[in-house]
Structure formats: structure tokens, C-alpha cells
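>>> please work out how this folds:
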Amino acid sequence: MTDDSANRGGQDYESSLAESDKSVASFARTHTPIETLQHVLHGNPTLVPVIVLIAATIIFGLVAGERFFSAFNLTLIMQQVSIIGILAAAQTLIILSAGIDLSVAAIMVLMAVIAGKLSVDLGVPAPISVLVALAGGAAAGLMNGLLVTKAKLPPFITTLGTWSIFYALNLWLSGAQSIRSSDIDESAPFLKFFGNVIEIGGARITFGVILMVLVFVALWYMLNKTAWGRHVYAVGDDKEAAELAGIRTDRMLISVYALAGLVCGIAAWASIGRVGSISPQAFYEGNLQSITAVVIGGISLFGGRGSILGALFGALIVGVFQSGLRLAGVDVLWQVFAIGWLIIIAVAIDQWIRKVSV
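Numbers count the residues shown, from 1 in each chain. Purely as a prediction, here's the structure:
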């Protein structure tokens, strides 16, 4: 072969590569604006509740007028969602691990009753009663975790059953009777610690609101800055793959349920300060409300995706809707109607985001 032939052969090869590159490139397509938005939301699931919260605040501010934007009303919204917000934080831990807990509110109320009975009826020092309630919450969560991992029961069925168990224990211990606010003030005012108020101008911020924020910050750090948190997401995304990667999935799930139970114990203490009394039938819809906050917060019910801060935004969205509709004179029935549509729309958006194409 001559040099000229070799050069021609090289040029033909290079031109063939160039044509091949062009033909391959022709298959690539640009994303439409909707697809681009889908990709952005897939990478930032918390962005959806943030946008909804801002939009709802502006809309209800325009509809309800200056009363909505008053410092008193805005801080009142935070007070009203503080307990459900803490329960939503506990629920988020379970849902991120691809489970669900229908017993969070029952655990909370049971622990509140235990703390109240110990301090008011038996004279146990309130700080010790609180520690017992916290330990009891962790134990209740541990029970759920063991049933899910060791007995291999579905989380939905497990926690539906334990909800009934905890609720029955709650009625038995309390005798279906509330512990009055005056009795708590006389015997154990420490139980109402998180009901204390800091007044700044027209704003009234309770210690319970501060506690809610601290719980979310602490759990956000654990989920995003520790190996434990990465394992929670891994187990929720694909349990089998997590096991192949060397993660002890059963131990991880047990720790998640136990921590969620501890958070419910914290919510129990905060709920006494919020309500002022201890009722065995309080927060009866807390389980559904916590799930509502999680779903509206952009956390996938299939596990492994979402930020715990989304649950905080979800709880605030519900609070903003309820407050705005109430100030606008909307009947309570239609407030519930609106929240129902919020849930459906949030799940639909989650399904749409999960179908993101490459």
C-alpha cells in the first residue's frame, strides 16, 4: 500500500466516524419546558410544597386581607400545626424507609396519659414522668419495628393493629377520663412547659413551636449528614439492593421505628402544653393528618425520596389553608373538602415526578 492510499484510507475512516457521530447525535432530543420542570422537581422534591406554601400565603392574604398577615395569625398557624408537625416528622422517618405508621397519634396520646397519671395521680416528679413517656414512646416504636422486621408483617397491617392496642390501653389507663388543666397546674406544671409563650410585638411564639423546628432540624441533620441517614434512604429506595450493599436492613428499620416512637413521646409532652389538659380522645385524626402533611410535603409514599423539611412545609400548607379559609368565612365542611383535594393533587404530582424520563 502506498502512502497516498494510506492517507485516503485514513481520511475515509475519519469521515465515516464524523458521519456516525452525526447520526448518533441526531437521536438526541432536547427536553420540552414541561420535561425540564419535571427533571428539576425530581431532583428537588421539596420545591413543590415551598411553591404551594408561598402561593397559598399570597392568595389567602389577598382574600382574607390584613388579618391573615397579622403577626398574631401567622404565629397562631404555627401553634396549631406544631403537634401535627412533630407527628409528621415521625411519620416521615417511616415513610422514607418505605413503610407507614398508623399508630403515631395513638402512641403520643398514650404517652401523654402515662405522664399525666404518674405525676397527677401517683405523685411522681414531672421530669421523671416525662422520661418514662419518652422511653415508652421509643418502646412502642420498637414494638412496631420488631413486628415488621422479625415477624415479617406489612407495616400497614402492623401499625393498624398496634393503633387499636395503644388506643385501648389509653382508654384503660385513663378510665376514659381527661386530666384537667387545673390538676396539672397544681401537681405537675412542668408537663405544660412547651405551652409557655414568648411575645414579640403581636407575635406569640410558644415553646412548642420552637421544639417543632428543633425536631425537624435535628432529623434533617441525621438524614442528610450521617451514614445512618443515607442507609434510611437506601433501604426505602430498594431494600434488596441495600442488603447486597452490606446494610443490615432489619436493624436499620428497627432503629427507624424506635426513633419515630421517641419523637411521638416528645410530641406527647408538647401536646400537654398545647392543649393544657390530657384527654384520651385528643388528636383522634392525628395519624391521617400526619400522613397528609407528609404527602403534601412532596415525600414519596413509595419510600427513598423526599426531604423531611417537606413534611414541615406540608403541615404549614394545611395550617395556611385552614386559617385562610376560616378567615374568608368558608364553612368547616369545605375546608375538609379542600384538604382532600390537596392530598389527591400532591399524590398525582408525585406520580408524575417519578415518571421522569432521561
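
>>> just the buried residues of the one helix or strand residue 140 maps to, please?
Element membership for residue 140, per DSSP states H and E: helix 126-149. Neighbour-count burial for helix 126-149, counted by 16 or more other Cβ atoms under 10 Å, picks out 126, 129-130, 132-134, 136-138, 140-149. In this view, the C-beta of every residue, glycine as well, is placed from N, C-alpha and C.

>>> now for that helix, which elements pack on it?
Helices and strands touching helix 126-149, by 3 or more Cβ pairs under 8 Å, 6 or more residues apart in numbering; DSSP states H and E, are helix 104-116, helix 155-174, helix 249-275.

>>> and residue 220, what does it touch?
Applying Cβ atoms under 8 Å, 6 or more residues apart in numbering, we find residue 220 in contact with 307-309.

>>> so which residues of the chain form strands?
197-200, 203-206 (DSSP state E).

>>> quick one: residues in contact with the first one.
Residues outside strand 197-200 that contact it (Cβ under 8 Å, 6+ apart): 71, 204-207.

>>> which stretches of the protein have low pLDDT?
1-29, 37-38, 41-42, 354, 356-358 (pLDDT under 70).

>>> burial measure for the closest residue to residue 245 other than its chain neighbours, as a count.
Leaving aside its sequence neighbours, residue 245 sits nearest to residue 234 (Cβ to Cβ, 6 or more residues apart in numbering; 6.9 Å). Residues near residue 234, counting by other Cβ atoms under 10 Å, number 19.

>>> what's near enough to touch residue 234?
Residue 234 neighbours (Cβ under 8 Å, 6+ apart): 241-242, 245, 247, 304.

>>> next one: stretch 152-160 to chain centre, how far?
In terms of Cα atoms, centre = their mean, to the nearest Å, the centre of stretch 152-160 is set 19 Å apart from its chain centre.

>>> for stretch 288-295, that is, sorry about that
For stretch 288-295, the distance to the chain centre is 7 Å (Cα atoms, centre = their mean).

>>> so which bits of it are buried?
Neighbour-count burial for stretch 288-295 [16+ other Cβ under 10 Å]: 289-295.

>>> in TSV: those, plus distance to residue 222.
Output for these, formatted as TSV (distance: Cβ to Cβ, whole Å):
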residue	distance to residue 222
289	23
290	19
291	21
292	23
293	19
294	17
295	22
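
>>> return the member of those residues nearest to residue 81.
Nearest to residue 81 out of those is residue 293 (Cβ to Cβ; 7.8 Å).

>>> and residue 99, how far is that from residue 89?
15 Å (Cβ to Cβ, to the nearest Å).

>>> of the two, which one has the most company?
Each of residue 99 and residue 89 has its neighbours counted (other Cβ under 10 Å); residue 89 has more, 29 against 24.
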